[in-house]
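In: pasting the structure only:
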């Protein structure tokens, strides 16, 4: 599950409530799942892309959480308080485990949550954080239904398509056999095509962020 190029705008005001500077922060993250492990690791990177006016540098921190059925093992991506200047970034990892199953259940589904804390050295904080969650239609599902194969996935309605070439020197001869097997199972998902390459399904998930007071969001 990936978040690419989400933007957060920090605004600095004077004593009269007039904006006197801004800072644009870009957030990227990648969360890896495995059908063989209940442990989830996420890499998060924030970068100060642009500043205007009286804003020269910002201190940026990130904290994560997850819903019922999940336990957050590492809540903060990094612990430093060094201000970021334009072009600089903070990057670190967080960790979750999907083994918090409810009683008498073998699976759980949950979302991950994020809170970004932004302050400026020398400025009085007004609204220091912005928060969002992973998409509701992209919940992580973990299960222990197979004792030797406990793991987590992100379910999708997209069916995988596997393509083989009849003319492939090594594998072409087995294409009719695979087709017949799949047809007998009641599906025609597998078809032979004149293509020597293999195609694997991919699903990109994108987070849609809702604005909170004092923050400008673009997903």
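Out: Nice, I can see it. Just so we're clear, the structure is a prediction, and the values are computed from it rather than from any experiment.
In: what bits of this structure have low per-residue confidence?
Out: 158-160, 184-219 (pLDDT under 70).
In: show me where it has strands.
Out: Taking DSSP state E as the test, the strands found in the chain are 2-13, 19-34, 37-53, 59-66, 71-74, 89-97, 107-110, 112-119, 129-133, 140-143, 151-153, 163-164, 191-192, 216-218.
In: would you turn these into JSON lines with mean neighbour count?
Out: (C-beta placed from N, C-alpha, C; glycine too.) Shown next, in JSON lines, are these (neighbours: other C-beta atoms under 10 Å):
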{"stretch": "strand 2-13", "mean neighbour count": "18"}
{"stretch": "strand 19-34", "mean neighbour count": "18"}
{"stretch": "strand 37-53", "mean neighbour count": "18"}
{"stretch": "strand 59-66", "mean neighbour count": "20"}
{"stretch": "strand 71-74", "mean neighbour count": "14"}
{"stretch": "strand 89-97", "mean neighbour count": "17"}
{"stretch": "strand 107-110", "mean neighbour count": "18"}
{"stretch": "strand 112-119", "mean neighbour count": "19"}
{"stretch": "strand 129-133", "mean neighbour count": "18"}
{"stretch": "strand 140-143", "mean neighbour count": "22"}
{"stretch": "strand 151-153", "mean neighbour count": "19"}
{"stretch": "strand 163-164", "mean neighbour count": "18"}
{"stretch": "strand 191-192", "mean neighbour count": "14"}
{"stretch": "strand 216-218", "mean neighbour count": "13"}
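In: wait, which of those is closest to residue 83?
Out: strand 59-66 (5.1 Å; C-beta to C-beta).
In: could you dump the strands of the chain to TSV with distance to residue 178?
Out: Below are the strands of the chain laid out as TSV (distance: least, C-beta to C-beta, whole Å):
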stretch	distance to residue 178
strand 2-13	32
strand 19-34	27
strand 37-53	30
strand 59-66	40
strand 71-74	42
strand 89-97	38
strand 107-110	31
strand 112-119	38
strand 129-133	41
strand 140-143	28
strand 151-153	24
strand 163-164	7
strand 191-192	8
strand 216-218	45
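In: what's the closest of the ones you listed to residue 180?
Out: Across the strands of the chain, residue 180 has its closest neighbour in strand 191-192 (11.2 Å, C-beta to C-beta).
In: Stretch 64-74: end-to-end distance?
Out: 8 Å (C-alpha to C-alpha, to the nearest Å).
In: Could you give the separation of it from the chain centroid?
Out: Relative to its chain's centre, stretch 64-74 lies at 14 Å (C-alpha atoms, centre = their mean, to the nearest Å).
In: which residues touch that stretch?
Out: 39-40, 42, 44, 75-77, 93-102, 108-115, 140, 142 (C-beta atoms under 8 Å, 6 or more residues apart in numbering).
In: mind running it again at 7 Å?
Out: 75, 93-98, 100-101, 108-114, 142 (C-beta atoms under 7 Å, 6 or more residues apart in numbering).
In: partner residues bridging the closest residue to residue 2 other than its chain neighbours?
Out: Nearest residue to residue 2 in three dimensions, chain neighbours excluded: residue 30, at 5.1 Å (C-beta to C-beta, 6 or more residues apart in numbering). For residue 30, the beta-bridge partners are residue 2, residue 43 (DSSP bridges).
In: Would you mind measuring from residue 30 to residue 147?
Out: Distance, residue 30 to residue 147, by C-beta to C-beta, to the nearest Å: 29 Å.
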